[in-house]
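Participant: Based on what follows, work out the 3D shape:
(6 chains)
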4 protein chains.
Amino acid sequence: MTDESADVPPRRGRPRSTKTREAVLAAARELLLESGYQRLTMEGVASRAGASKSTVYRWWPTKGVLVLDAAADEIAIGSVPDRGTTEDDLRSAIEQLIETFSRPLASIVIFAAITTVEADPEMAAVFREKYVYPWRLTAAQAIERGIERGDMASDNTQFILDVIVGTVFQRTLIIKEPMTEGLADHLLGLLIS
Amino acid sequence: MTDESADVPPRRGRPRSTKTREAVLAAARELLLESGYQRLTMEGVASRAGASKSTVYRWWPTKGVLVLDAAADEIAIGSVPDRGTTEDDLRSAIEQLIETFSRPLASIVIFAAITTVEADPEMAAVFREKYVYPWRLTAAQAIERGIERGDMASDNTQFILDVIVGTVFQRTLIIKEPMTEGLADHLLGLLIS
Amino acid sequence: MTDESADVPPRRGRPRSTKTREAVLAAARELLLESGYQRLTMEGVASRAGASKSTVYRWWPTKGVLVLDAAADEIAIGSVPDRGTTEDDLRSAIEQLIETFSRPLASIVIFAAITTVEADPEMAAVFREKYVYPWRLTAAQAIERGIERGDMASDNTQFILDVIVGTVFQRTLIIKEPMTEGLADHLLGLLIS
Amino acid sequence: MTDESADVPPRRGRPRSTKTREAVLAAARELLLESGYQRLTMEGVASRAGASKSTVYRWWPTKGVLVLDAAADEIAIGSVPDRGTTEDDLRSAIEQLIETFSRPLASIVIFAAITTVEADPEMAAVFREKYVYPWRLTAAQAIERGIERGDMASDNTQFILDVIVGTVFQRTLIIKEPMTEGLADHLLGLLIS
DNA sequence: ACTTAAGCGAGACGGTACGTCTCGTCTTAAC
DNA sequence: GTTAAGACGAGACGTACCGTCTCGCTTAAGT
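Facilitator: Predicted structure coming up:
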């Protein structure tokens, strides 16, 4: 009878402090909500968390990595379910987008991840790989089911995705006035023939 | 008999140097294309232009103002003409957007103006007032003409504007892969019933 | 009639602030006396002086350069005069050494300059060039005058210099107990035959 | 048969590793010779020795203590013998000094021990107690024998000690050019009447 | 021609954050 | 109890830009 979980790495040295980790992430969240992404500094996070700069840099080499970690729960968007009808599927997708983009912390971090490509391409890449592509894949599948059923006003999946994401992004993160209520209905009216 | 042009201030002292002004704007354009908006520094612009920092700050109090001035010609988008048919009008609007967003310098500056709200709200405000609203107004008029003719798939003007701008922004400035050719046709197919 | 002082360099830009310069040097002196050379930090000096780090680094690139400047007056040892008799000349030399090594600030800085060679060879080099060699040259001349007169107990100038400097250094900077009063007489008794 | 040495404390747990101890001391010696005292770090010694920092700190609380331990053999200077004549005794003393100060490792450590008082007074104290005073005591006795015999040019023992130590220190550790050969003779010529 | 006033370059200045480094302490699991 | 590993708080390092501030020189328009 052998140990079944033999693939556990043999941890050595002082283990990482959960307390410090959470203090740093909490400090990052607070400062994001107070001052935004640009004005957040690694030094400020360390200070607010009662941690040292070296500890912060040891685990989060850049600001982008840090805030993606700090807001991970809020950013997570899940995947688009298969509810049986095209309208229900697309409505799910659109409402997931609207809901996620409307969370205060998530909106700040997502906006930063998208718009800071130039200064921090790695942040954008991590964000895409981890959050955007998985959702986009299931959303594309939902759209393709709709196309097969003959329900869609366009047969170009990528284009429809761009319409949905672009419009919701525009309305919720750029033009910030509400109108979010009717947004899903308007989009469905346009996309479903 | 009074002075006809009473609003002309009696300029005294050394007049502003056109040469310096143009050297600074040219330096800003070069650095934008070489390094992007974030990595551009006022210090770098002054140095490249052979000007002093105080001269740069005298005329362009912030990086945003400077960059909008430097790219003014490329950013100008004009207004949506009245060509007689809904399709022609909308196609004009969409192609103006695509064309403008595709110019190298304009794309950098517009992207910065839209996404830097947090760090430089004034830049965003100036950009909206001077470039976005005028175009958006004539685009809204074109859409309303289409609604009156009964050509549009939706009767909500602001929503349609968000679809157009959001989709084009998404495709040209966020997801940078081409497909720009078919974009106008796809959008027209969706928006015109 | 032409301008006689045409060789004045044409000063450009904002002139250096004398006030800041003196505040930094005074802060350095205070911290040297309070904490010693090793514990003095550039950051501490800037802070105490109400100056910024960049200003300190602009003018004094290393700690060694800064403290040599801060203590310049106290370190200056002059040169050995020619008083006519060997005894008077040597007594002058020895008393200059003792007096200089006994000043609180000078002793700290000289000790640092001598003993930090390994970590900051430039400081040691500047110190030697500017303060040690000039004095050593005139002291050597005084010794040679004594040798020519047949007054000296040894005819090796460098050796006698090492005896004088080594003994005074040993007594005043290493073994710090007094006995400094009789030191000059004892040395003269030994060196003059 | 019982344990004969009952006064040995009943050691428990893992015994100290002789191998590790020697690896650390050897690493310290290597790094002293390669980089000098200032640039030697506890971290570097641990790393070179394949030991952990905590092990190094457990047994050698400071860099000074470690380095004195690592160079103990080379630093040891013995005591001044009584050879019967003043000249032989003093020559022994001076040559012991010169020889010790000329060993590469010893010169580094002694120089550090003497000049690091400010930063590490404990190191200086340990060095004085363990190496300086014992030798100084026997050297003083040799000098006093010379004074009693009427051989010395001065009757102040401490002063003569300072002349000897100061001059040799000056010549071998500060001014590093040779001339060490004639040094003992020159000193004897001066000190013996 | 002479005065006046703004433009301009150079560059010093106080700040602030950067990311790196070493320090000496602490916390584990393995031995 | 000792060890290797290595996380941790602390704090200085030297650099880069920020936006402001003197300076002395230049350049015209108004006298």
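
Participant: hang on, isn't residue A:46 packed against residue A:58?
Facilitator: No. Between residue A:46 and residue A:58 there is no contact under Cβ atoms under 8 Å: 11.0 Å. In short, each C-beta sits where N, CA and C put it, glycine included.

Participant: out of those two, which sits in the more crowded spot?
Facilitator: Higher neighbour count among residue A:46 and residue A:58: residue A:46, with 20 against 11, using other Cβ atoms under 10 Å in any protein chain shown.

Participant: Report whether the helix or strand containing that one contacts chain B.
Facilitator: For residue A:46, the enclosing helix or strand under DSSP states H and E is helix A:42-49. No. Counting by Cβ under 8 Å from any Cβ of the partner chain, chain B has no neighbours in helix A:42-49; the shortest distance is 15.4 Å.

Participant: just how off-centre is the very next helix or strand once past that helix within its chain?
Facilitator: Per DSSP H and E, the first helix or strand lying C-terminal to helix A:42-49 is helix A:53-59. Counting by Cα atoms, centre = their mean, to the nearest Å, helix A:53-59 is centred 24 Å from the centre of its parent chain.

Participant: Can you classify whichever residue of chain A sits closest to chain D as helix, strand or coil?
Facilitator: Per Cβ to the nearest Cβ, residue A:13 is where chain A lies closest to chain D, at 9.1 Å. What DSSP: H, G, I helix; E, B strand; the rest coil gives for residue A:13 is coil.

Participant: For it, report the pLDDT, please.
Facilitator: What the model reports for residue A:13 is a pLDDT of 83.

Participant: Let me know the average pLDDT across stretch A:153-165.
Facilitator: Mean per-residue pLDDT for stretch A:153-165: 94.

Participant: go on, stretch A:104-111?
Facilitator: Rounded mean pLDDT across stretch A:104-111 is 95.

Participant: Other residues contacting it?
Facilitator: By Cβ atoms under 8 Å, 6 or more residues apart in numbering or on different chains, the surrounding residues in contact with stretch A:104-111 are A:29, A:32-33, A:36-37, A:67-68, A:70-71, A:74-75, A:100-101, A:127, A:172-173, B:115.

Participant: cutoff 6 Å now
Facilitator: With contact meaning Cβ atoms under 6 Å, 6 or more residues apart in numbering or on different chains, stretch A:104-111 is reached by A:32, A:37, A:67, A:71, A:74-75, A:100-101, A:173.

Participant: Check which residues of it are buried.
Facilitator: The neighbour-count check on stretch A:104-111 (16 or more other Cβ atoms under 10 Å in any protein chain shown) flags A:105-111 as buried.

Participant: for stretch A:81-88, same thing?
Facilitator: Judged by neighbour count (16+ other Cβ under 10 Å), stretch A:81-88 contains these buried residues: residue A:86.

Participant: The helix holding residue A:46 close to DNA strand E?
Facilitator: Yes. Counting by Cβ under 7 Å from any atom of the strand, contacts between helix A:42-49 and DNA strand E involve A:42-44.

Participant: Of the residues you listed, which is the nearest to residue D:149?
Facilitator: residue A:43 (71.9 Å; Cβ to Cβ).

Participant: Report the separation between the closest residue to that closest one other than its chain neighbours and residue A:25.
Facilitator: Nearest residue to residue A:43, sequence neighbours excluded (Cβ to Cβ, 6 or more residues apart in numbering or on different chains): residue A:53, at 6.3 Å. Distance, residue A:53 to residue A:25, using Cβ to Cβ, to the nearest Å: 16 Å.

Participant: what do you get for residue A:92?
Facilitator: 29 Å.

Participant: just residue A:184 next, same as before
Facilitator: The gap separating residue A:184 from residue A:25 is 32 Å, by Cβ to Cβ.

Participant: And residue A:118, by the same measure?
Facilitator: Residue A:118 sits 26 Å away from residue A:25, taking Cβ to Cβ as the criterion.

Participant: more neighbours, those two?
Facilitator: Neighbour tally, residue A:118 and residue A:25, criterion other Cβ under 10 Å: the higher count belongs to residue A:25, 20 against 16.

Participant: who's in contact with the more buried one?
Facilitator: If you count contacts by Cβ under 6 Å, 6+ apart, residue A:25 has them with residue A:70.

Participant: does any part of the helix or strand encompassing it sit near DNA strand E?
Facilitator: If you go by DSSP H and E, residue A:25 is part of helix A:18-39. No. Using Cβ under 7 Å from any atom of the strand, helix A:18-39 stays clear of DNA strand E, coming no nearer than 7.6 Å.

Participant: Find the closest residue to DNA strand E in chain A.
Facilitator: residue A:14 (2.8 Å; Cβ to the nearest atom of the strand).

Participant: Count the neighbours of that residue for me.
Facilitator: Neighbour count for residue A:14, taken as other Cβ under 10 Å: 6.

Participant: can you pull out the helices in chain A?
Facilitator: A:18-39, A:42-49, A:53-59, A:63-70, A:72-75, A:86-102, A:104-115, A:121-127, A:133-148, A:157-169, A:180-191 (DSSP state H).

Participant: which one of those helices lies closest to residue B:178?
Facilitator: helix A:157-169 (11.4 Å).

Participant: for the residue nearest the centre of chain A, what are its contacts?
Facilitator: Residue closest to the average C-alpha location in chain A (Cα atoms, centre = their mean): residue A:75, at 3.4 Å. Contacts of residue A:75 were listed using Cβ under 6 Å, 6+ apart, and they are A:106, A:131.

Participant: where's it relative to residue A:131, distance?
Facilitator: In terms of Cβ to Cβ, residue A:75 sits 6 Å off from residue A:131.

Participant: How many neighbouring residues does the nearest residue to residue A:23 once chain neighbours are set aside have?
Facilitator: Excluding its sequence neighbours, the residue lying closest to residue A:23 (Cβ to Cβ, 6+ apart) is residue A:49, at 4.2 Å. By the measure other Cβ under 10 Å, the count of residues near residue A:49 is 21.

Participant: One more: the one 4 residues further on?
Facilitator: Counted by other Cβ under 10 Å, the residues lying close to residue A:53 total 12.

Participant: same deal with residue A:34?
Facilitator: Quick note: residue A:34 (other Cβ under 10 Å) scores 11 neighbours.

Participant: I appreciate the help and will end here.
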